[in-house]
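Visitor: the sequence and its predicted three-dimensional model are supplied below.
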Amino acid sequence: VHSELLPADKVAKVEVLMQQKPEKAKLAFVGDGINDAPVLGRADIGIAMGKCGTDVAKGAADIILTDDNFATIEKAIAGGRGIYENIRKSVLFLLSSNFGEIMTMLAAVLAGFLPPLKASHILWVNLITDSLPALALGADENDTEELMGQPPRKSRESLFAQGGLYCMLCYGVVIGSISLLAFLTVPYRELLVRGLPVSIDNIRKMLMVTSVLNKAQTHAFTVLGMSQLMHAIGMRDVNKSVFRMNHRNNPYMLASFVVGILLQVMVTEIPYFVELFGTSRLTLEEWGLLLLLSSMPLVVHELLVLSARLSGVQE
């Protein structure tokens, strides 16, 4: 930190610091006068005073402190990092969820099965089940201390950096796998009940039966919707166990989870919506099985957190 520089020394000092600083470091300059304008524009981050600063200084600065309080800089950085983190979480959540849908449909088509999901199912999940948790993630209250302890990110850093791409692919595969598993469980059980051998060809033939196909699609639809609700909870902080999160800090997430579950129950239990979406009513046993499958994203989340923690202890 350099302070009380003479006007003639400011530009020279900033030029020297800009050349000497490490590549990842950022140089900030705070000023309020006319002679500070060139330096405010030259520094990585120019900060001008809002109350006593000149219009020239404000125009050249990147940030204006409207209350002239230096402590506001820290609050602004924390707020900016929180906004970016929420945007990143929401985008990765939506991409991983949609990737899971793609994996479900693609794997079934490649195996020669009938589609696990109807068009109305996909629209329902994308417009209803996905949107509420994504909005809740966008309003999430982050751990400020944890965010401020991280080094500054590069200005051109991708949303997929720092494990973002791995996160999207990993959870997309998990969601797709359990949705497809739920879909195949129905014809598998039917084959066992009828005493027929379990094979890919027999599963294809069993899915030709309308009642079996509707039940199988209902299973896949339900698991897909509920697993994404579970996934949203873990996405609040990929580095922290869900048992260590303060869920009361985000009532929107709790509300979106409850509403999402109720909406999913509505389309499988209320006769009007059952007919509208072409689903089948589920028994309590089926709900228990599907709920267990839907919790797999949280199980994977806990395993990844535990693995990271054990790796940190070993290092």
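Guide: Cool, the structure landed. Computed from a predicted model, the values in this text were never measured in an experiment. Numbers count the residues shown, from 1 in each chain.
Visitor: residue 174 - how many residues pack around it?
Guide: If you count neighbours by other Cβ atoms under 10 Å, residue 174 ends up with 20. Bear in mind the C-beta positions are built from the backbone N, C-alpha and C, glycine included.
Visitor: longest helix in the chain, please.
Guide: If each helix of the chain is counted by residues according to DSSP state H, the longest one is helix 71-110.
Visitor: so how far is the helix or strand that that one is followed by from its chain's centroid?
Guide: Using DSSP states H and E, the helix or strand that directly follows helix 71-110 along the chain is helix 119-124. Distance, stretch centre to chain centre, for helix 119-124: 21 Å (Cα atoms, centre = their mean, to the nearest Å).
Visitor: and if you look at stretch 78-91?
Guide: Relative to its parent chain, stretch 78-91 has a centroid offset of 10 Å by Cα atoms, centre = their mean.
Visitor: give the rounded mean pLDDT of that stretch.
Guide: Mean pLDDT, stretch 78-91: 92.
Visitor: give me the buried positions along the helix or strand of the chain with the lowest mean pLDDT.
Guide: Ranked by mean pLDDT, DSSP states H and E, the weakest helix or strand in the chain is helix 7-20, scoring a mean of 82. For helix 7-20, the neighbour count (16 or more other Cβ atoms under 10 Å) marks 10, 14 as buried.
Visitor: next: stretch 142-157.
Guide: So, applying 16+ other Cβ under 10 Å, buried residues of stretch 142-157: 142, 143, 147.
Visitor: cool, stretch 193-211 as well?
Guide: Along stretch 193-211, these residues count as buried under the neighbour rule (16+ other Cβ under 10 Å): 202, 203, 206, 207.
Visitor: gap between the two ends of it?
Guide: End-to-end span of stretch 193-211 (Cα to Cα, to the nearest Å): 15 Å.
Visitor: pretty sure residue 85 contacts residue 141?
Guide: No. The pair residue 85 / residue 141 is not scored as a contact, 10.7 Å apart, by Cβ atoms under 8 Å.
Visitor: which of those two has more residues huddled nearby?
Guide: More crowded of residue 85 and residue 141, by other Cβ under 10 Å: residue 85, with 18 against 13.
Visitor: contacts only, for that one.
Guide: When contacts are counted by Cβ atoms under 8 Å, 6 or more residues apart in numbering, residue 85 touches 142, 147.
Visitor: and it, how close does it get to residue 25?
Guide: Residue 85 sits 21 Å away from residue 25, going by Cβ to Cβ, to the nearest Å.
Visitor: cool, and residue 208?
Guide: For residue 208, the distance to residue 25 - Cβ to Cβ - is 65 Å.
Visitor: same check, this time on residue 273
Guide: Counting by Cβ to Cβ, the gap from residue 273 to residue 25 is 57 Å.
Visitor: so for the two, which residue has more residues nearby?
Guide: Between residue 273 and residue 25, residue 273 has the larger neighbour count (other Cβ under 10 Å), namely 15 against 12.
Visitor: contact partners of whichever strand or helix holds the more buried one?
Guide: Using DSSP H and E, residue 273 falls within helix 271-277. Residues outside helix 271-277 that contact it (Cβ under 8 Å, 6+ apart): 118, 120, 121, 124, 221, 266, 267, 268, 279, 280, 281.
Visitor: so which of the residues you listed is the closest to residue 21?
Guide: residue 124 (52.2 Å; Cβ to Cβ).
Visitor: would you list the phi and psi of residue 70?
Guide: The phi/psi pair for residue 70 (degrees, to the nearest 10) reads phi -60, psi -30.
Visitor: just give me the neighbour total for the residue nearest to it when sequence neighbours are not counted.
Guide: The shortest distance from residue 70 to any non-neighbouring residue, by Cβ to Cβ, 6 or more residues apart in numbering, is to residue 30 (7.5 Å). Residue neighbour count, defined by other Cβ under 10 Å, stands at 21 for residue 30.
Visitor: ok, what's across the strand from residue 30?
Guide: residue 47 (DSSP bridges).
Visitor: okay, it: pLDDT?
Guide: Listed pLDDT for residue 30 reads 88.
Visitor: quick one: it from residue 3, how far?
Guide: On the measure of Cβ to Cβ, residue 30 and residue 3 end up 9 Å apart.
Visitor: tell me where the model's unsure across the stretch 151-300 of the chain.
Guide: Of all residues in the stretch 151-300 of the chain, none has pLDDT under 70.
Visitor: which residues in it form helices?
Guide: All helices of the stretch 151-300 of the chain, identified by DSSP state H, counting those that start in this stretch, fall at 164-193, 200-206, 210-234, 251-269, 271-277, 284-294, 296-314.
Visitor: ok, which of those helices comes nearest residue 13?
Guide: Each of the helices of the stretch 151-300 of the chain has some distance to residue 13 by Cβ to Cβ; the shortest is helix 164-193, at 37.8 Å.
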